[in-house]
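Enquirer: return atomic coordinates for the entry below.
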Amino acid sequence: MSARQTLRCLASTTGIPKTTLMRHLAAGFFRRATTCVMPKLTDVHKARRLAFALAHVERKRLENASHVMTRYYLTKDELAPYQACPNRRYIGKNMFLAAVARPRYDAKRKTYFDGKIGIWPIVEYVRAQRSSANRAKCTIEVKNANTTRKKVYVKMLKEKVFPAIRQLWPGRKSLCIKVQQDNAGPHVAEDNADILEAGIEHGWTIEMTCQPPRSPDLNVLDLGLFNAIQSVQYRYPTHNHQGLIAVVEDAF
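Expert: Numbering: from 1, shown residues only. Next comes the predicted model:
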């Protein structure tokens, strides 16, 4: 297969001129095909994927699920006569925590629920310790929070995600709502005591669940939402954290 990745390689392997191959391609004698690298699954992975799919066969179970995921959005500077950056680490970026669910009609509010729970930047607001060429001392700055710390993620779930679910969720709060997350290091275990306690507040039942390992095709945020936000965000060049956050939230 490696000798058939390009027309030039195919012509060299078969001895057929490249122009002849191009005419045959246009005539439909053979076609281009693209393959994707798929996750290598063991029998254990397959069993967990099957169990995950069977758990969502019931309509109610599918409706009572929310997906959370984090992703970086990089700033894209406008084209200027000259630009320089000491290091690519100086390019501004922010991580966001997003939560969505299945869109449906909300019979209680007599309106359509679009499925968007919310998107929140994982940042901190701190005062500048000293003056620089970009800002004066004591100016409030936006800095990325340490996303490798699990307690930051737990705090976001308890203060942002769960309250938003309680406010926007269409349906009875007596139903068990599953919040699906991927298997990133800072994410919490399903039996985390703090999250279990926060999930049952105010009479609700909100639980965490992890997607099966090596199954990126089961994450709806990566499959569509983040790409849609990225395509809108690219239209509005930003030059600082505040501008990027505003554009991403508006795109959401």
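Enquirer: low-confidence stretches in this structure?
Expert: With pLDDT under 70 as the threshold, the chain has low-confidence stretches at 1-5, 33-40, 58-92, 147-148.
Enquirer: where along it do the strands fall?
Expert: 65-74, 93-101, 104-106, 111-113, 116-121, 123-127, 140-144, 176-181, 205-210 (DSSP state E).
Enquirer: CSV for those, including distance to A133 and mean neighbour count?
Expert: (Each C-beta comes from the backbone N, C-alpha and C, glycine too.) As requested, those are exported to CSV (distance: least, C-beta to C-beta, whole Å; neighbours: other C-beta atoms under 10 Å):
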stretch, distance to A133, mean neighbour count
strand 65-74, 23, 19
strand 93-101, 21, 20
strand 104-106, 51, 13
strand 111-113, 48, 13
strand 116-121, 25, 20
strand 123-127, 18, 11
strand 140-144, 14, 14
strand 176-181, 40, 20
strand 205-210, 44, 17
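Enquirer: of all these, which lies closest to A198?
Expert: Of all the strands of the chain, it is strand 205-210 that lies closest to A198, at 7.6 Å by C-beta to C-beta.
Enquirer: I'd like the strands of the chain laid out as CSV, including distance to Y236.
Expert: Rendered in CSV, the data for the strands of the chain read as follows (distance: least, C-beta to C-beta, whole Å):
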stretch, distance to Y236
strand 65-74, 11
strand 93-101, 14
strand 104-106, 31
strand 111-113, 27
strand 116-121, 16
strand 123-127, 19
strand 140-144, 17
strand 176-181, 29
strand 205-210, 34
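Enquirer: which stretch among those strands comes nearest P237?
Expert: Using C-beta to C-beta as the measure, strand 65-74 is the one of the strands of the chain that comes nearest P237, at 11.3 Å.
Enquirer: please look at L41 and R214 and confirm they touch.
Expert: Yes. If you go by C-beta atoms under 8 Å, L41 and R214 touch, sitting 6.0 Å apart.
Enquirer: quick one: end-to-end length of stretch 188-202, please.
Expert: Across stretch 188-202, the straight-line distance between its terminal residues is 22 Å, by C-alpha to C-alpha, to the nearest Å.
Enquirer: how about stretch 8-17: buried residues?
Expert: L10, A11 (16 or more other C-beta atoms under 10 Å).
Enquirer: please name the bridge partners of F113.
Expert: R104 (DSSP bridges).
Enquirer: follow-up on the earlier one: quick one: which of the strands of the chain is nearest K46?
Expert: Evaluated over the strands of the chain, closeness to K46 peaks at strand 205-210, with 16.5 Å, by C-beta to C-beta.
Enquirer: for the closest one, name the packing helices and strands.
Expert: Taking 3 or more C-beta pairs under 8 Å, 6 or more residues apart in numbering; DSSP states H and E as the contact definition, the neighbouring helices and strands of strand 205-210 are strand 176-181, helix 193-199.
Enquirer: mind putting those into JSON lines with distance to C210?
Expert: Supplementary listing: those in JSON lines, determined by distance: least, C-beta to C-beta, whole Å:
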{"stretch": "strand 176-181", "distance to C210": "6"}
{"stretch": "helix 193-199", "distance to C210": "12"}
